[in-house]
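Chemist: dropping a prediction and its sequence here:
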Amino acid sequence: MKKTISIICILAVLNYIGCSSKEVMTKNTFVRSYALSNGDNNKDIFVNTVNDGQYFFASGHYIFETDSLSGNGKKILPTKEEGFVGKIAFADILTVEQETSDTGNTILLVLGIVSAGAAIYAGIAFAATNSTMNSCTESANKH
């Protein structure tokens, strides 16, 4: 029972971690994708500005206006984070980072690990069975 729970926990962690990465986009690319998705702001974003500032906005807490990004987030400083409520002008935005995940690759990763584990288990079970059969055969040949 403990092995089953352990396997389920490992698979859940692998699925949670998955194949994800941060996609770095220029502000123009991000604004176009935001407009094409009809203002869908369901992903967390990191905004990097030209004056080396970095801001974090959780999903649903930012909107694009005519000439700026406004929202309720955090300003990330070298030693701490502080709350931020306000606007960042498009002219000041350098890049936008957005977390993306690849469900297909995550499924393949989990299936690959499960298959490798099953193959190792089958190999060990086969070797143990074969070893037991050989010792029985040797024991029968001695008598």
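Modeler: Cool, got the structure.
Chemist: could you list the domains of this protein?
Modeler: Using automatic domain parsing, the domain parsing of the chain gives 1-19+102-137, 21-100.
Chemist: least reliable of these by average pLDDT, please.
Modeler: For these, mean pLDDT drops lowest on domain 1-19+102-137, to a mean of 71.
Chemist: quick revisit: can you say which of the domains of the chain is packed in most?
Modeler: Mean neighbours per residue, mean count of other C-beta atoms under 10 Å, is largest over those for domain 21-100, with a mean of 14. Where you see a C-beta, it was placed from the backbone N, CA and C, and this is true even at glycine.
Chemist: from residue 46, how far out is residue 62?
Modeler: As judged by C-beta to C-beta, to the nearest Å, residue 62 and residue 46 stand 11 Å apart.
Chemist: wait, I meant residue 110
Modeler: 28 Å.
Chemist: with residue 89 instead?
Modeler: 17 Å.
Chemist: show me where the chain has its strands.
Modeler: Secondary structure of the chain by DSSP state E: the strands cover 20-26, 45-49, 54-57, 62-64, 68-76, 81-89, 93-101.
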